[in-house]
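Chemist: Any chance you could fold what I've pasted below:
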Amino acid sequence: MANHVSALDSFLIGPIFFPRMAFFPAKIELFKNPLLSIMYKGWGAFPVLRGRYNVAVMKKIVELSQDNIVIIHPEGTRSRDGEIGQGSKGVGKIIYETNAPVIPLCANGMEKFLPVHKRFPSFFKLIIVNIGKPMNFSHYKNLEPTKETYKMIVDELIEELKKLKTR
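Modeler: The predicted structure follows:
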């Protein structure tokens, strides 16, 4: 689980920090160009329609997380100011439904490397990545699978990401 401040977050986090292919959801608009679509899919991206609850995508993420690395940005969209925002209850649901380890990761400085409003990166920017300890959310399994439970889970994750940001 990583903060999201740049269009390159998932594309860089996977290959740099993980020894094998990492998968991640990406907005469907990125897949409109057939050539870019092939490239994104080769990097582990899969298309998602933003702004609505998608049972098929949630199921795919849960299934992928059983045997693969899946990078998810719990905020759902890029931060405009570099700060960590609220997490999506859908991410809490994913964590609730899977027993996969959750490792928080906060990339500080990516918002300067490729800000939201820019098309090309600004090289030679300092990027510091803080990786937290695996988080255990099994204590939530005693609670009913409700929106409130999912919110508590994602809120705990967001608090950990905020701690990693201030390191």
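Chemist: switch to C-alpha atoms for all contacts and neighbour counts from now on
Modeler: Fine.
Chemist: tell me the residue furthest from the middle of this protein?
Modeler: Going by CA atoms, centre = their mean, the residue of the chain most distant from its centre is residue 142, 25.4 Å out.
Chemist: check contacts around it.
Modeler: By CA atoms under 8 Å, 6 or more residues apart in numbering, residue 142 lies in contact with nothing.
Chemist: mind checking how far it is from residue 96?
Modeler: 10 Å (CA to CA, to the nearest Å).
Chemist: quick check: longest strand of the protein.
Modeler: What stands out as the longest strand in the chain, according to DSSP state E, is strand 22-27.
Chemist: Quick one: distance of it to the chain centre.
Modeler: Offset of strand 22-27 from its chain centre (CA atoms, centre = their mean, to the nearest Å): 8 Å.
Chemist: what residues does it touch?
Modeler: Identification of contacts with strand 22-27 by CA under 8 Å, 6+ apart yields 10, 14-15, 43-50, 64, 68-72.
Chemist: try 6 Å this time
Modeler: Contacts to strand 22-27, defined as CA atoms under 6 Å, 6 or more residues apart in numbering, come from residues 14, 44, 45, 46, 47, 48, 69, 70, 71.
Chemist: So which bits of that strand are buried?
Modeler: Within strand 22-27, the residues that qualify as buried are 22, 23, 24, 25, 26, counting by 16 or more other CA atoms under 10 Å.
Chemist: Equivalent analysis for stretch 70-86, please.
Modeler: Buried-residue list, stretch 70-86, by 16+ other CA under 10 Å: 70-79, 82, 84-85.
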